[in-house]
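Engineer: Give me a model of this one.
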Amino acid sequence: MDRPNRLSSLARLDIRITGSDDRVLALPAIPDRPEALRSVFRRVEALPPADAARELDGVRAVFDERHRGLAACLEENYLAAALRIGVPAAHAEPHRSLLGAYFTMEYTLEAAALFNPSIVEHPDRRRAPPGALRFVMSLRAVGEGHLSSTVFREGTIGTDGGVTLDDAPPRAVRAKASPDQRYLKEFFRRKLAYLGTDLGAADRVLGGLGEWFTWNELGATLASARRGPHPPAERVLDGILALANANYTLSMPAGSRISDLIMFPQSPYEARGIEDLRMVRFTEPDGSGTYYGTYTAFDGRRILPMLMQTDDFRTVKVYTLNGDCAVNKGLALFPRRIRGRYVMCSRIDGQNLFLMRSDRVTFWETAELLAEPAVPWEYRLIGNCGSPIETSEGWLLLTHGVGPMRQYSISAMLLDLEDPRKVRGRLREPLLVPPEALRSGYVPNVVYTCGALAHAGRLFIPYAAADEVTVMARVDLDELVGLLIADGA
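Structural biologist: Just a heads-up that it's a prediction; the model follows:
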């Protein structure tokens with residue numbers, strides 16, 4: 001049934017977020033086979049200038065309005081294709097841009113699904129009317145080939161508890177990535193070992209680097225190793241470079257909206273997707289704040305826990321999470337330090353809830369069991385549904401459970417404020433289950449969220465149904481916390 005709990009205030013809002021076929025990215029489409037590349041170069045080079053100009057005009061007439069900065073994209077892909085086969089990048093227009101067009105494709109990033117949302121307070125509070133709250137919502141977008149990326153929407157929670165969403169930008173743009181990171185050798189080595197790299201060979205490459213090193217220092221070391229008398233296997237060098245490139249900075253053009261931001265796979269470890277971003281607005285003891293988000297990078301075989309950090313959603317830093325307990329999916333950071341340390345909720349064994357504590361936000365070495373499945377609708381596994389929310393009575397942690405027929409439910413726990421290892425309350429019944437009208441879809445019988453937002457005494461829970469569409473529920477915060485205390489641990 002639609003509402004198998006005792007919360008009289010639970011309401012489903014008139015919000016339904018679905019993907020758009022019109023939101024497309026211009027991506028590289030460069031063949032792997034050198035001969036296939038060379039044959040395109042030869043054919044385009046043979047075109048008389050007038051014919052090449054006519055073909056390029058046709059491309060621009062159809063695609064200019066669908067993309068921001070298409071000319072720059074064609075130039076970038078032309079240069080990448082020329083570099084791959086060692087061709088001098090000396091072609092003049094119109095052949096230069098036309099070649100770029102042959103190595104570019106459109107990708108509809110949210111054609112299959114838009115789901116697994118997370119929500120945080122907007123960094124710019126000036127546009128919200130008195131008593132209202134602006135927010136940023138992240139969504140997992142799935143397109144051709146089940147490739148996942150993360151898109152963002154902006155909206156407002158009104159004084160009446162209603163929710164409105166801003167229109168999504170009609171033209172999507174891919175944020176530019178650049179390596180920007182210092183690496184701690186000890187943890188870099190351990191991450192390489194976790195990823196299956198030959199450590200003996202890697203140590204011969206990394207040996208000349210200091211305890212901390214930069215991307216440029218690593219690049220020079222890799223180049224030197226390749227030129228040496230006994231170069232390591234390419235798979236070792238590629239693995240080292242791939243791990244380094246998994247740490248990068250995304251930059252949006254000046255004047256961009258937050259909803260223009262798209263976190264599209266950038267590194268080899270993200271090649272098959274960026275999955276389930278869990279955002280949190282994190283506050284330091286001095287009152288300063290930043291936004292963090294944990295997500296899963298997937299390369300088609302391995303998963304890698306990742307962390308994003310931003311102050312404004314226009315410059316975004318991405319890091320690998322490191323340490324023995326930075327494993328598996330579903331990590332969620334608490335919104336402030338507890339007793340001077342960062343705290344993370346995780347599911348490192350794939351079945352139970354754990355708490356992790358650390359002095360550094362990117363390094364996680366130890367974990368303690370927090371909770372195991374306790375009721376039939378979560379016997380298969382439990383996990384978090386995003387970062388905990390601080391209330392006067394404790395940390396409100398939304399959870400998900402998987403039961404018979406792989407049905408997902410959303411529930412909640414209440415953790416002690418000073419010692420979140422202590423569970424004060426746990427719902428005896430789910431908070432949300434798949435409603436009959438939304439139980440069928442790409443993955444049936446699933447409701448799932450990556451984060452909720454509290455405002456003016458209410459909890460707003462955007463959630464996905466059937467891994468396909470995103471809707472939203474609202475509940476009175478005091479009623480939910482009271483029920484958790486009444487149900488007990």
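Engineer: Only C-alpha atoms from now on, for both contacts and neighbour counts.
Structural biologist: OK.
Engineer: Name all residues that make contact with the closest residue to Leu381 other than its chain neighbours.
Structural biologist: Using Cα to Cα, 6 or more residues apart in numbering and skipping the chain neighbours, the partner closest in space to Leu381 is Gln351 (4.4 Å). Counting by Cα atoms under 8 Å, 6 or more residues apart in numbering, Gln351 touches Glu372, Pro373, Arg380, Leu381, Ile382, Gly383.
Engineer: Generate a markdown table for these, with distance to Ala81 as supplementary columns.
Structural biologist: Converted to a markdown table, the contacts of Gln351 look like this (distance: Cα to Cα, whole Å):
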| residue | distance to Ala81 |
| --- | --- |
| Glu372 | 52 |
| Pro373 | 52 |
| Arg380 | 48 |
| Leu381 | 46 |
| Ile382 | 46 |
| Gly383 | 44 |
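Engineer: Columns pLDDT, neighbour count and distance to Ile119 on top of those, output as CSV?
Structural biologist: What follows is the contacts of Gln351, written out as CSV (pLDDT from 0 to 100; neighbours: other Cα atoms under 10 Å; distance: Cα to Cα, whole Å):
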residue, pLDDT, neighbour count, distance to Ile119
Glu372, 98, 16, 26
Pro373, 97, 18, 26
Arg380, 97, 20, 27
Leu381, 97, 21, 24
Ile382, 98, 26, 21
Gly383, 98, 29, 18
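Engineer: between these, which is closest to Ala26?
Structural biologist: Gly383 (35.8 Å; Cα to Cα).
Engineer: quick one: secondary structure of that closest one?
Structural biologist: strand (DSSP: H, G, I helix; E, B strand; the rest coil).
Engineer: Go ahead and confirm it touches Ile348.
Structural biologist: No. Using Cα atoms under 8 Å, Gly383 is not in contact with Ile348, being 9.8 Å away.
Engineer: Provide the count of other residues in contact range of Asp21.
Structural biologist: 13 (other Cα atoms under 10 Å).
Engineer: in a strand, that's where it is, yeah?
Structural biologist: No. In this structure, Asp21 is coil, not part of a strand, as judged by three-state DSSP.
Engineer: can you pull the pLDDT of it?
Structural biologist: You'll see Asp21 listed with a pLDDT of 90.
Engineer: just Leu99 next, same as before
Structural biologist: Model confidence at Leu99 (pLDDT) stands at 98.
Engineer: residues near it, how many?
Structural biologist: Neighbours of Leu99 using other Cα under 10 Å come to 26.
Engineer: Poorly predicted segments of the protein, please.
Structural biologist: Residue ranges of the chain with pLDDT under 70: 1-5, 180.
Engineer: domain parsing for it?
Structural biologist: If you go by automatic domain parsing, the domain ranges for the chain are 11-21+109-176+247-487, 25-108, 182-245.
Engineer: now the strands for the stretch 51-200 of the chain?
Structural biologist: 104-108, 113-121, 133-142, 148-157, 163-165, 176-179, 182-184 (DSSP state E, counting those that start in this stretch).
Engineer: Can I get the fourth one in PDB, CA atoms only?
Structural biologist: These are the backbone C-alpha positions of strand 148-157, laid out as PDB (Å, rounded to 0.1, in the frame of the first residue of the first chain):
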ATOM      1  CA  SER A 148      25.500   7.700 -15.800                       C
ATOM      2  CA  SER A 149      26.400  11.300 -15.200                       C
ATOM      3  CA  THR A 150      25.200  13.900 -12.700                       C
ATOM      4  CA  VAL A 151      23.000  16.900 -13.500                       C
ATOM      5  CA  PHE A 152      21.800  19.700 -11.300                       C
ATOM      6  CA  ARG A 153      18.500  21.600 -10.900                       C
ATOM      7  CA  GLU A 154      17.600  24.600  -8.900                       C
ATOM      8  CA  GLY A 155      14.300  25.400  -7.100                       C
ATOM      9  CA  THR A 156      12.500  27.000  -4.200                       C
ATOM     10  CA  ILE A 157      10.700  25.700  -1.100                       C
END
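Engineer: Check which helix or strand the closest residue to Thr320 other than its chain neighbours maps to.
Structural biologist: Spatially, and ignoring its direct neighbours in sequence, Thr320 is nearest to Met306 (4.6 Å; Cα to Cα, 6+ apart). Here Met306 sits within strand 303-310, counting by DSSP states H and E.
Engineer: where along the protein do the helices fall?
Structural biologist: 34-45, 49-63, 70-85, 95-102, 185-194, 199-206, 215-227, 234-245, 477-487 (DSSP state H).
Engineer: and which of the contacts of Gln351 is nearest Met137?
Structural biologist: Gly383 (20.6 Å).
Engineer: how near is the closest one to Ala466?
Structural biologist: For Gly383, the distance to Ala466 equals 18 Å [Cα to Cα, to the nearest Å].
Engineer: And for Pro434?
Structural biologist: 8 Å.
Engineer: one step back: in TSV: the helices of the chain, plus distance to Gly441.
Structural biologist: Compiled in TSV, those are given as follows (distance: least, Cα to Cα, whole Å):
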stretch	distance to Gly441
helix 34-45	39
helix 49-63	32
helix 70-85	35
helix 95-102	36
helix 185-194	35
helix 199-206	44
helix 215-227	44
helix 234-245	35
helix 477-487	29
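Engineer: Quick check: which of these is buried the most?
Structural biologist: helix 95-102 (a mean of 24; mean count of other Cα atoms under 10 Å).
Engineer: can you list the residues that contact that helix?
Structural biologist: With Cα under 8 Å, 6+ apart, helix 95-102 has contacts from 29, 40-41, 44-45, 49, 52-53, 55-56, 59, 71, 73-79.
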